[in-house]
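Colleague: Here is a sequence together with a model predicted from it:
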Amino acid sequence: MAAPGRLKVIGSRLLQAIPVVIGVIIVTFILTRALPGDPAVYFAGTIADEESIQEVREALGLDKSMPEQFFYYVGDLLRGDLGTSLMTGLPVAEELGRRLPASLELTLVALIISCAVAIPLGILAATRPNSLADHACRVLVTAGVSLPTFFTGLVLIYVFYYVLGWAPPPLGRLDFIFLEPPRVTGFFLIDSVLAGDWETFWGAAKQLVLPAVTLALFTLAPIARMTRAAMLQSLSSDYIRTARAAGLNGRTILYGYAFHNAMLPVVTTLGMVFSFTLGANVLVEKVFAWPGIGSFAVDALVASDYAAVQGFVFVMAILFVALNLAIDILYTLIDPRIGFDAA
Amino acid sequence: MDQTTKAGLSRRTFLKGTGTVGVLSAGMVPFLKHLPAHAATDDVMVATMGQTINSLDIHRTGTNRPSYQIAVNCYDRLVAFGTKTMPDGSLSYDYSVIQPDIAKSWEISDDGLVMTFAIDTSRKFQDGTPVTAQDVKWSFDRAVSAGGFPTVQMRAGGFTSTDQFEAVDDETFVITLAEPTKLALPDLAVPVPYILNSTVAKANATEDDPWAMEYVHQNTIGSGAFKVVRWDAGQQLVYERNDDWGGGELPAVKRLIIREVPSQSTRRALIERGDVQMSFNIPYKDAAELAEMEGVDVYSTPIENAIYVVGVNHDFEPFKDPDVRKALAYAIPYEEIFQTAAYGRGVRMFGGSGVEGTAWPQPSPYSTDLDKAKEHLAKSGFADGFDVPFSISLGQLDWMEPTALLIIEALGKIGINSTLDKIPSAQWRTASLVEKRLPLHLEGFGGWLNYPCYYFFWAYKDGHLFNSSNYRNDEVETLVDETLYIPVDHPDYAPKVKRMFEIAFEDLPRIPLFQPTLNVAMNGATGFEYWFHRQLDGRKLAKS
């Protein structure tokens, strides 16, 4: 498909996303209000009495009717104001702006590690079904997916930090002796390189290893299994038989044709894995004191921090819309036969 | 927002200050090579805690408990509590001593209504300007006007209106009370009435925000021992020593770094390895286990004026019957709870021999006696037992769950069928304290001002917040009102307070279990000081 055509399609896909986002805004607004718990009581403090709880309620605007609150909320949203988190006392947009890169960096590094292990493993298992490699692959992915992430995380901390002393203290994104690199992307690895600060780069990389490996172990399974299944299917298809008959060498068949065609389901799986990992790495964030978006959202839910919960869901919704779009575009690059019209 | 540049601290000076240049070059050695954090120099200390600091301003709406430490470390007050050494060698604040701080001296008129403070203008704010009576006046006006918690806490000392405060001149500050109260002076030493630099605050105030809430939320403008040079919400807070502090001996640490680590297991690994020097507010289980470890010091200080109790709601039909309440009090397996939930740390609040003296908390006369429990239940209108949910908070499972399970098991033995009801922490306060709708539950109120009458004011008076049992006794109402403001050496005080204790033990709206402790682990550091506000005070900390 020609580039201008593609742009047009991207534009129309973005337009289609608008009702989705509006729906998400309404649903989260109602759901957060339906949460049990009263933020005014929670935030009025230890020895607040009826009167001061009422004062807090008024200060937070919670004494107003629901439609009125919604009206204010949408008004703020249109101005790009996601409100202030009661929990941290900072604007939600600022919080998410700081925490989202932390989560994205962790998730992306984890996925890169995961792909680097799972895809070769899947291919190996598919080319030699029922071999030792296949069984080893099965054991690894089963173990990876069946161990809860916080447990894997704690075991890794225990072994590599507590016993062996190889890993740095699990104290978040950077040990306290480093200062954050000047912010460009919010990804410490990239920002420190941009600043030419290799000390901080290594500092950030070291902090990243254990949590990323923990997450990678967890995400190995779907990627490796999907690669294996897709490769098996691809290898048994007609075009591979034709290629073999035509006398192409094994490498070209495997990587040029079989893998190329097996990539579509793998990319789909990757997209799904990315989405759920971003939201589901709360436990890893807690264990490694990682200042990510997942632990922020969970804490906000516990504290009935409306603005923070709404902001989180809103940003995640937009992120998923963008992610799905990116995957769709990736499809057309992998397989030119797939156009947006077909999707 | 970039706190660092705001505070005028560049990356280089920070590194120079911490003296970690050597460590940094060690940081360039190959991947994953362990880098011991205690290679940092003696004047940088790291503490970890599980909670999050959400504001630098205690007056702000929604400021949570862990944030109170900023008020302690970065600000001064008119007067301060003294310090005493505990039997185990640790430090504790001393409620009985109130000493000068920003006020170098004070006088209280004979009728107890007018308090005149002489301000020590040699004390400086962190921008170098002297602290004046106008600053005190502005700060107190702010505390009584902010609403919410600070205003309630000010009211406890009898401070309700800005009219009560007057800055006569730079060095004289006068408070006029509506009625004399013994709570006034100690209430000036709690974290809330802290003194802000009113000139800086006013410069950052706006029409919508006359009290500069937004500015003070993110900047410390006090005269205290530390200032906050960096605050990454949800991650860390960095204190830097104020070398011009005039309030006492300078802190030994130049930088104190508070790292927020949500996972208790991770915090435990950090303190055991010695990569952090302090782990603040740890669960009883860890306190008991870490105390056995070489090199780790554990301090468990009983929290003053606090008791973990079983709340027996008088609105719930069976509990209206005094025999049912006594049956409960005799059925509870106190010692087992003390050993299982508190790991033997804390103070037993059972098995006493009647009311003794005016010390509070003091043990109740009850101890486990299933025969007596059955006797009382048989005498009551509910001889065949009844069903009741036992409510606990998901946020305090560490002590509530074992306690509740042991009590439920014991109640089963006398025919009361109880089921565990776990309530999410966001709802807990609403359900237990505001709506007061939990028939049988656990509660752990502790009063900041260390007087029994103050405890009773909050926990036994009808409608008051911590009276989660909907208890009402006219005699207690009168006794609390009569004792709350009179001095403790007043001849009426002791007999009236003892009478309150007797009624409380007889009526049993709250069945005492044990006095909790604040548990802190240190590895390679000294100088932990216990405070009633149960937050970290960095002023006496030092690396060892």
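Modeller: Structure received. Given the structure is predicted, the values throughout are model-derived calculations rather than measurements.
Colleague: Could you use CA atoms for every contact and neighbour count after this?
Modeller: OK.
Colleague: Can you name the residues of the stretch 201-350 of chain B that neighbour chain A?
Modeller: Within the stretch 201-350 of chain B, the positions adjacent to chain A are B:217, B:233-235, B:257, B:259-263, B:265-266, B:269-270, B:273, B:275 by C-alpha under 8 Å from any C-alpha of the partner chain.
Colleague: So which of the residues you listed wins on neighbours?
Modeller: Using other C-alpha atoms under 10 Å in any protein chain shown as the neighbour test, those are led by residue B:261, with 30 neighbours.
Colleague: residues in contact with that residue?
Modeller: A:171, A:286-289, B:48-51, B:235, B:267 (C-alpha atoms under 8 Å, 6 or more residues apart in numbering or on different chains).
Colleague: go with 10 Å
Modeller: A:170-172, A:285-291, B:47-52, B:234-236, B:267, B:270, B:279 (C-alpha atoms under 10 Å, 6 or more residues apart in numbering or on different chains).
Colleague: Please tell me how far it sits from residue A:165.
Modeller: Distance, residue B:261 to residue A:165, using C-alpha to C-alpha, to the nearest Å: 19 Å.
Colleague: hang on, the earlier thing: kindly write the ChimeraX command that selects the buried subset of the contacts of residue B:261.
Modeller: The ChimeraX command for the buried members of the contacts of residue B:261 (criterion: 16 or more other C-alpha atoms under 10 Å in any protein chain shown) is given here:
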select /A:170,171,172,285,286,287,288,289,290,291 /B:47,48,49,50,51,52,234,235,236,267,270,279
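Colleague: The residue lying closest to residue B:85 once chain neighbours are set aside - how many residues pack around it?
Modeller: Nearest non-adjacent residue to residue B:85, counting by C-alpha to C-alpha, 6 or more residues apart in numbering or on different chains: residue B:91, 4.6 Å away. Neighbour count of residue B:91, defined by other C-alpha under 10 Å: 20.
Colleague: Wait, residue B:91 touches residue B:539, no?
Modeller: No. Counting by C-alpha atoms under 10 Å, residue B:91 stays clear of residue B:539, with 11.8 Å between them.
Colleague: State which helix of the chain is the longest.
Modeller: Using chain A here. helix A:198-235 (DSSP state H).
Colleague: not what I meant, chain B
Modeller: helix B:397-413.
Colleague: Which strands and helices lie in contact with that one?
Modeller: Applying 3 or more C-alpha pairs under 10 Å, 6 or more residues apart in numbering or on different chains; DSSP states H and E, one finds that helix B:397-413 makes contact with helix B:284-291, strand B:308-312, helix B:322-331, helix B:334-340, helix B:370-379, strand B:387-393, strand B:417-423, strand B:440-443.
Colleague: Give me the neighbour count for residue 75.
Modeller: Since no chain was named, I'll use chain A. For residue A:75, using other C-alpha under 10 Å, the count is 13.
Colleague: try again with chain B
Modeller: Residue B:75: 25 neighbours (other C-alpha under 10 Å).
Colleague: Once you drop chain neighbours, what's closest to it?
Modeller: residue B:224 (4.0 Å).
Colleague: List the contacts of residue 278.
Modeller: All of this is about chain A. A:100, A:103-108, A:292-294, A:316.
Colleague: look at chain B instead
Modeller: If you count contacts by C-alpha under 10 Å, 6+ apart, then residue B:278 has B:45-49, B:258, B:267, B:270-271, B:296-298, B:520-526, B:528, B:536, B:541 around it.
Colleague: switch to 7 Å and redo it
Modeller: Residues near residue B:278 by C-alpha atoms under 7 Å, 6 or more residues apart in numbering or on different chains: B:46-48, B:271, B:521-523.
Colleague: Beta-bridge partners for it, please?
Modeller: residue B:47, residue B:522 (DSSP bridges).
Colleague: worst-scoring helix or strand of the chain, pLDDT-wise?
Modeller: Because you didn't say which chain, this covers chain A. One helix or strand of chain A scores below all others by mean pLDDT, DSSP states H and E: helix A:39-44, with a mean of 72.
Colleague: I was thinking of chain B, sorry if that wasn't clear
Modeller: helix B:21-26 (a mean of 35).
Colleague: quick revisit: name the element the residue nearest to residue B:75 belongs to?
Modeller: Using DSSP states H and E, residue B:224 sits in no helix or strand.
Colleague: Cheers, nothing more for now.
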